[in-house]
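Engineer: no sequence on this one, just coordinates:
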């Protein structure tokens, strides 16, 4: 499968759930340093977006989406987190399946599941590159730049069409819902909207992946600008006591929604206008993401606070947009 040059970098997060024994050390070393992936928000960011979306959805929309997800193709493993036989409440189990759906497009990157990876992984669906330069303190879009941009914007339209079209089976809609949740969240991470072109990176900086903050060493995976923004929420608000997702994420999501109430964002939803979402994320890059930060230096506390504030707002807005879209498609019942 072709992997676009604009998003080649190594990431270890997908494989951290593999039992770490001496038997697997050589395999893990290969996976950690040679996997080719691209991530937006980590699982915390995506699941927060999904949690907020779920809170916006009507009971009818929730139930219809759940019934579709539970009928996902068996080889996708999308429905496997739902356990109908344990004693936890059904409401929580449905919510957690929905949150898992939002990270499923990252889960299928795991090459240890070869069939699933080959069938469902699509690396260039996660971003929509606008190529640009910083010149004179301004962000200038390079309209005629020939680069390997992603397909996030067009794919969101495709997923919406599948969800709306009654001729598609539930198993097809399940995959579309998972991708819609994930890519919709991706576009609210500013670094998944554009690639900065510089003399150092004439083909683009791969959404900040080539902007190294902490070099990788034998003892450290290092850190780049893209990964820093991916994980900003879990950096500021780390998980404690190995909590379940709902116990860990619910209080954070409620604070986000209290800070950015639905009514205050109603005028910004732009439902279905995915190119506008893409451009909106791009506008953060010059003044926020690439401002007051240097290669080879960890971000300052001031920068971290600013990154958290922007991410909090973007994740909340993403949740409102995705939840309202799913209401419009599914709230009236099966289509």
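Structural biologist: Looks like it arrived, so ask away. The model shown is predicted, which means the values in this text are computed figures rather than measured ones.
Engineer: if you go through the stretch 1-150 of the chain in chain order, where are the helices?
Structural biologist: With DSSP state H, counting those that start in this stretch as the criterion, the stretch 1-150 of the chain has helices at 25-34, 43-56, 59-69, 90-107, 114-120.
Engineer: In TSV, list those along with distance to residue 182, mean pLDDT and mean neighbour count.
Structural biologist: For glycine as for every other residue, the C-beta is placed from the backbone atoms N, C-alpha and C. Shown next, in TSV, are those (distance: least, CB to CB, whole Å; pLDDT from 0 to 100; neighbours: other CB atoms under 10 Å):
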stretch	distance to residue 182	mean pLDDT	mean neighbour count
helix 25-34	21	34	12
helix 43-56	6	97	26
helix 59-69	13	98	19
helix 90-107	4	97	21
helix 114-120	12	97	14
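Engineer: Let me have those helices in JSON lines, extended by distance to residue 156.
Structural biologist: Shown next, in JSON lines, are the helices of the stretch 1-150 of the chain (distance: least, CB to CB, whole Å):
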{"stretch": "helix 25-34", "distance to residue 156": "30"}
{"stretch": "helix 43-56", "distance to residue 156": "14"}
{"stretch": "helix 59-69", "distance to residue 156": "17"}
{"stretch": "helix 90-107", "distance to residue 156": "12"}
{"stretch": "helix 114-120", "distance to residue 156": "17"}
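Engineer: Figure out which of the ones you listed is closest to residue 233.
Structural biologist: Residue 233 lies closest, by CB to CB, to one member of the helices of the stretch 1-150 of the chain: helix 43-56, at 5.1 Å.
Engineer: I'd like to know which elements the closest one is packed against.
Structural biologist: helix 90-107, helix 170-186, helix 232-236, helix 245-259, helix 301-330 (3 or more CB pairs under 8 Å, 6 or more residues apart in numbering; DSSP states H and E).
Engineer: from those helices, which stretch is densest packed?
Structural biologist: Comparing the helices and strands packed on helix 43-56 by mean neighbour count (mean count of other CB atoms under 10 Å), helix 170-186 comes out on top with a mean of 25.
Engineer: now the angle from it to helix 301-330?
Structural biologist: Interaxial angle of helix 170-186 relative to helix 301-330 (axes from the mean of the first three to the mean of the last three CA atoms, to 10 degrees): 150 degrees.
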